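> compute the structure for the input listed below.
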Amino acid sequence: MTAVLIKAASFILIIAIGYLMKRRGFFHANDFYLISRIVLKITLPAAIVSNFSKVTMEPAMLLMCAIGLFCNILMVAVGYLINLKGTGAEKAFDMINLSGYNIGNFTIPFVQSFLGPVGFAVTSLFDAGNAVMCTGITFTAASSAAGDKKKVTLSVILKKLVSSLPFDAYIIMTILAILNIRLPALFLSMADTIGASNAFLALLMIGIGFEINLDKKRMAELSKVMLVRYVCAVLMAIGFYFAAPFSEEIKRTLAIVVLGPISSVSPAFTGELNGDVELASTINSMSIIISVVAITVALLVLM
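Reported below is the predicted structural model:
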C-alpha cells in the first residue's frame with residue numbers, strides 16, 4: 001500500500017511541476033504541443049514496442065479491442081439517452097464529452113509502473129478499440145444527433161488511425177506477438193531506454209496543459225457530466241473485476257483503465273460542432289483530477 005501511495009504521489013507531483021512551471025513562465029502553452037509530439041511519435045511507440053516484446057499473447061487479450069469499442073459505444077449511448085428531452089446540441093455535447101479514454105497520455109504511465117507487461121498489452125489493445133471511436137465514429141454520431149451535415153467517412157477514420165504511430169505500433173506488435181516473432185536485441189534495448197521516459201514526459205505534458213476555469217453558470221453541466229461519467233466508470237470497473245471471464249491480471253487492468261479521464265480530443269470535436277469548448281476543456285481537466293484519485297484508490301484496493 002505504501003509503495004502505491006508513494007508512486008501515485010510522485011505522479012501527482014510531476015503533473016504539479018508541469019503546471020507550476022507553466023505558471024512561472026518556464027513553460028508556455030505551446031510547449032504542450034511540442035511535448036505531445038515527442039510522446040505520441042517517440043516515447044509512447046517505444047514503450048509499446050518494449051512492453052509488447054515481453055508478452056505472450058493470449059487469445060482472450062485480443063478481445064480487449066472489442067471491449068474498448070464497447071465501453072465507448074456505451075458512454076456515447078448514455079450521453080444521448082440522458083438528453084432525450086434536450087436539444088440536438090445538448091445530446092452532441094454529452095455524447096462527445098462523456099465518452100473516450102485518455103489512455104496514451106494518462107493511463108499508460110500508471111499501467112507501466114504498476115501492472116507490468118501484460119497489463120500494458122491489455123491497456124494498449126483496449127486503446128486500439130478506443131482509438132477507432134475517438135478518431136471519428138463518436139464525432140459522426142454526435143454530429144448526426146446535432147443535426148449537422150458534416151460527416152466523417154470510413155476512409156477519413158482509417159487515414160487518421162494509420163497516421164497514428166501509437167496505433168501502428170499496437171497493430172504491428174500485436175501481430176508479431178501472435179506470430180511469436182521477436183525483434184532484434186539492439187532494437188529492443190533502444191525501445192526500452194526511450195520507452196522508460198514515456199511516463200515522465202506524458203505526466204509533465206498533462207501538467208503543462210492543465211487548466212480549470214470554473215464558471216458558476218456552467219457548474220451544473222460540469223457536475224452532471226462528471227457524476228454520470230464516473231458512476232458509469234465505477235460500475236464498469238466493478239463489473240469487469242467481479243464478472244469478466246478473464247485472468248486476475250486482465251480483470252484488474254480493465255477495472256483500472258475504465259477509470260481513466262475523458263479523451264483529450266473531446267474539446268477539439270466539441271469545437272467542430274460549435275459547442276462550448278471552454279466547458280469541454282474544463283471537463284477534460286477536471287476528469288484528470290478525479291481519475292488520479294480513482295485509479296489510486298483502485299490500485300490500493302486491487303493490488
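
> just how off-centre is the one helix or strand L235 maps to within its chain?
Using DSSP states H and E, L235 sits in helix 219-243. A distance of 15 Å separates the centroid of the chain from that of helix 219-243, by Cα atoms, centre = their mean, to the nearest Å.

> can you name every helix or strand that it contacts?
Helices and strands touching helix 219-243, by 3 or more Cβ pairs under 8 Å, 6 or more residues apart in numbering; DSSP states H and E, are helix 63-81, helix 88-97, helix 248-257, helix 277-302. The way it works is simple: take the backbone N, C-alpha and C, and place the C-beta from them, glycine included.

> buried residues in it, which are they?
By neighbour count with 16 or more other Cβ atoms under 10 Å, helix 219-243 contains the buried residues 221-222, 225-226, 228-230, 232-233, 236-237, 240-241.

> of all the helices and strands packed on helix 219-243, which lies closest to S124?
Of all the helices and strands packed on helix 219-243, helix 63-81 sits nearest to S124, with 8.2 Å by Cβ to Cβ.

> hmm, back to that, now, of the helices and strands packed on helix 219-243, which is deepest in the fold?
Of all the helices and strands packed on helix 219-243, helix 88-97 has the most neighbours on average by mean count of other Cβ atoms under 10 Å, namely a mean of 25.

> just want the angle from that one to helix 63-81.
Calculated by axes from the mean of the first three to the mean of the last three Cα atoms, to 10 degrees, helix 88-97 forms an angle of 160 degrees with helix 63-81.

> where exactly do the helices run in the stretch 101-250 of the chain?
Listed in chain order, the helices found in the stretch 101-250 of the chain under DSSP state H, counting those that start in this stretch are 108-114, 116-132, 138-146, 154-162, 165-178, 185-195, 198-209, 219-243, 248-257.

> lowest-confidence stretch among those?
Ranked by mean pLDDT, those bottom out at helix 154-162, with a mean of 70.

> okay if I get the helices of the stretch 101-250 of the chain as a markdown table plus distance to I48?
Formatted as a markdown table, the helices of the stretch 101-250 of the chain follow (distance: least, Cβ to Cβ, whole Å):
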| stretch | distance to I48 |
| --- | --- |
| helix 108-114 | 9 |
| helix 116-132 | 6 |
| helix 138-146 | 23 |
| helix 154-162 | 15 |
| helix 165-178 | 4 |
| helix 185-195 | 8 |
| helix 198-209 | 9 |
| helix 219-243 | 22 |
| helix 248-257 | 15 |
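
> closest to S266 out of those?
helix 138-146 (8.7 Å).

> residues in contact with the closest one?
Contacts made with helix 138-146 from outside it, assessed by Cβ atoms under 8 Å, 6 or more residues apart in numbering, are listed as 72, 76, 80, 88-89, 91-93, 95-96, 99-100, 150-152, 269, 272-273.

> need the helices and strands packed on helix 219-243 in JSON lines with distance to M57, can you?
Shown next, in JSON lines, are these (distance: least, Cβ to Cβ, whole Å):
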{"stretch": "helix 63-81", "distance to M57": "11"}
{"stretch": "helix 88-97", "distance to M57": "33"}
{"stretch": "helix 248-257", "distance to M57": "12"}
{"stretch": "helix 277-302", "distance to M57": "23"}
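
> the ones you listed: lowest mean pLDDT?
With a mean of 86, helix 277-302 has the lowest mean pLDDT of the helices and strands packed on helix 219-243.

> how about A202, what does it touch?
Shown in contact with A202 (Cβ under 8 Å, 6+ apart): V39, T43, L44, G104, N105, F106, I108, P109.

> those residues: which two are farthest apart?
Maximum pairwise distance in those, criterion Cβ to Cβ, is 14.0 Å, between T43 and F106.

> in terms of pLDDT, where does G86 sit?
Here, the pLDDT recorded for G86 equals 85.

> tell me which of the helices of the stretch 101-250 of the chain lies nearest to M286.
Of all these, helix 219-243 sits nearest to M286, with 6.1 Å by Cβ to Cβ.

> between the closest one and helix 63-81, how big is the angle?
If you take the same axes, to 10 degrees, helix 219-243 sits at 150 degrees to helix 63-81.

> and the contacts of helix 219-243?
71, 74-75, 78, 82, 93-94, 97-98, 214, 251-252, 254-256, 258-259, 262, 279, 282-283, 286-287, 290, 294, 298, 302.
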